[in-house]
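Asker: With the sequence up front, the predicted model follows.
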Amino acid sequence: MLRKAFSFVPNREFSSNTPEIPTLYSFLQPSVFALRRNPPPSSQPTIPNPPPKSLTLDDVTSLETSLHKSLLTRDTDEAWKSFKTLTSRSAFPSKSLTNSLITHLSSLNDLHNLKRAFASLVFVVEKNPELLEFDTVKSLLNSFKCANTAAPAFALIKCLFKNRFFVPFSVWGNAVVEIAKKNGNFASFLRVFEENCRIALDEKLDFMKPDLAACNAALEGCCCRLESVSDAERVVETMSVLGVRPDESSFGFLGYLYALKGFEEKIAELECLMAGFGFKSKVVFRRNLISGYVKSGNLDSVSATILRGLREGEGEYLNLGEQTYCEVVKGFVENGGIKALATLIIEAQKLEPSADVVDRSVGYGIIRACVVVGLSDKAHSILDEMNAQEGFLGLGVYLPILKAYCKEHRTAEATQLVMDIRNSGLELDMRTYDSLIEASMSCQDFQSALSLFRDMREARVSELKGSYLTIMTGLMENNRPELMAAFLDEVVEDPRVKVGTHDWNSIIHAFCKAGRLEDARRTFRRMIFLQFNPNEQTYLSLISGYVSAEKYFNVLMLWNEVKRNVSVDGEKGIKFDHNLVDAFLYALVKGGFFDAVMQVVEKSQEMKIFVDKWRYKHAFMETHKKLKVSKLRRRNFRKMEALVAFKNWAGLNA
């Protein structure tokens, strides 16, 4: 069918004016690497070399043995010398040695030995091709690909054709295609491709027929690089003659070229052909059409193609992809088409499904593309223009901008945009709120984070725990306990948050760490008032804060409260563990409240908690070493008894 569609294509050469690569190869210094077409004439007269002496059978055997040993020991220069001596006197090493040498030279990844490999292979092809194996050709071409050297690769293939050494396309085709793509040398590839196809047909050699991937590479080169309609249609004709069935990419390349050139009739023909071939999806074809229209500056056709795709999809979303949307955005923005983009989104919304699958709509694709190419402000301008045209702004056009603002740490603008979304009657999901709040906290925009959380609560989002923890953790890490306390007080009765004792502990610990003991005490009282039971961690934080400020009397008040609520069985009340015992003993010894000290000792003995006396002995000596029992006896008999009991317990009387 393709052949009939393009039967008008004349039989002619490709139109590229790229000069031919030299076809004369020097055995020792192949000119094709340097691409010097006309070497300067030598000023010295050429002296004819004497004819080389012929080799005896023993000489050939000796040189082959030397070549073999050199390859085994990877002595490249010696191997090359042996090979050159043999071939310069009309002798050749064995087939295995010849191929081993060329493969070895190809594998060394340096230009000098790559030249040697090229020269050797060409020489063998011209003089004794029976010695050459296909895998050797493949290895050399792969080395050319790795070295990003195009000219010798194409010259090698032409040499094979010239000497009728026909290698299966599968051996060399993929490597040459890759080389052409890497170098952009599609004109040379097309000539090789054409010659190969001619040989395959004339000689009836099926193994030389290119596969679909190679045909598409040639077609892509004609359409997207050379932008030549005649060359592209010649490739299509060749595919038809070879019996290579085109795929959607084949039609896509042609669609790009015809859109670029403005050949609307040919585009219609392609669509008919696609239907004839049974292609139901036009995604690739449509993307290529849009790319061609964008490059030609035909933006009206871009909009028309997108809207036609929606109509043909009968209520389905388009699947243009990020790259295509980015091309569309760049094309419109460069031509001042903000208003046209807004109009396109509004018209697309009329054709898209009513269910708002936000990440598949045309609006989402265009706005997200603005963000991807770094045009977030242009995206907002599109929203403003849509508002001016009284268009519907669904979540699909808001979300990409929100995400961009988060990524760019423009959290205040993101928060304002959330308010606009809520005012328009739309609802954001939990994941979006979580992302926005996390971004706000990461750039220490606490007010935006708190504002977003309030909005999240008002929106009746079912799950608040993730964002709640993000805010609390961020405030704690940034030493903002006053905000933590206000935030906790605000949400404490919300069942979606599930506030626990550990949350209050975090605030108390942060206040104590900052030396704000009155705030810590006030939070502690608020915690108890709201019927949250303090635990050992609560008291450890408070004791640590009081000790740092040398407010030992406050520790005594804490002990009087704790001793009434200590849990003996560990099930109810406060768990009296080693850490709490240690904290109380140290603080009370430092404060001189020995009666309370002995109460803690008694409770620890009752609960069989090990106590290291050395630390408290040291604390006593550091603080009270001048305290005399005789002075206490006259003032307070009870304190004297407590002091004596402590000294006896700590071993200080000894």
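Answerer: It's in.
Asker: Secondary structure element holding the closest residue to residue 195 other than its chain neighbours?
Answerer: In space, and not counting its chain neighbours, residue 195 is closest to residue 161: 5.5 Å by Cβ to Cβ, 6 or more residues apart in numbering. Placement of C-beta: from N, CA and C, glycine included. Using DSSP states H and E, residue 161 sits in helix 151-162.
Asker: hmm, who's touching the helix or strand following that helix?
Answerer: Downstream of helix 151-162, the next assigned helix or strand under DSSP H and E is helix 169-183. Helix 169-183 is touched from outside by 134-135, 137-138, 141-142, 144-145, 148-150, 153-154, 157, 185-186, 188-189, 192, 196, 200, 207-211, 213-214, 217, 221, with contacts defined as Cβ atoms under 8 Å, 6 or more residues apart in numbering.
Asker: change it to 7 Å
Answerer: Contact with helix 169-183 is made by 134, 137-138, 141-142, 144-145, 148, 150, 153, 157, 186, 189, 192, 196, 207-210, 214, 217, 221, as judged by Cβ atoms under 7 Å, 6 or more residues apart in numbering.
Asker: Only the buried subset of those, as a PyMOL command please.
Answerer: Under the burial definition 16 or more other Cβ atoms under 10 Å, those of the contacts of helix 169-183 that qualify are selected in PyMOL by:
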select buried, resi 137+138+141+142+144+145+150+153+157+186+189+192+196+208+209+210+214+217+221
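Asker: As a check, name the ranges of all strands in this protein.
Answerer: Secondary structure of the chain (DSSP state E): strands located at 566-567, 574-575.
Asker: looking at those strands, which is closest to residue 401?
Answerer: strand 574-575 (51.0 Å; Cβ to Cβ).
Asker: Quick one: mean pLDDT for that closest one?
Answerer: Strand 574-575 comes out with an average pLDDT of 77.
Asker: outside of it, which residues touch it?
Answerer: Outside strand 574-575, the residues that touch it by Cβ under 7 Å, 6+ apart are 535, 536, 562, 565, 566, 567.
Asker: Next: stretch 141-148.
Answerer: For stretch 141-148, using Cβ under 7 Å, 6+ apart, the contacting residues are 106-107, 109, 114, 152-153, 172, 175-176, 178-179, 182-183.
Asker: from memory the residue nearest to residue 195 sits against residue 199, does it?
Answerer: Yes - between residue 161 and residue 199 there is a contact under Cβ atoms under 7 Å: 6.4 Å.
Asker: and stretch 287-296, which residues are buried?
Answerer: Of the residues in stretch 287-296, those buried (16+ other Cβ under 10 Å) are 287, 288, 289, 290, 291, 292, 293, 294.
Asker: okay, now the closest residue to residue 95 other than its chain neighbours: neighbour count?
Answerer: With sequence-adjacent residues excluded and distances taken as Cβ to Cβ, 6+ apart, residue 95 is closest to residue 131, at 4.8 Å. Counted by other Cβ atoms under 10 Å, the residues lying close to residue 131 total 18.
Asker: Next one: residue 131 relative to residue 199, how far apart?
Answerer: Using Cβ to Cβ, to the nearest Å, one obtains 22 Å as the distance from residue 131 to residue 199.
Asker: With residue 56 instead?
Answerer: Distance of residue 56 to residue 199, given as Cβ to Cβ: 41 Å.
Asker: Relative to residue 639, how far out is the residue nearest to residue 195?
Answerer: For residue 161 relative to residue 639 (Cβ to Cβ), the value is 113 Å.
Asker: do residue 294 as well
Answerer: Counting by Cβ to Cβ, the gap from residue 294 to residue 639 is 92 Å.
Asker: for residue 349, same thing?
Answerer: In terms of Cβ to Cβ, residue 349 sits 84 Å off from residue 639.
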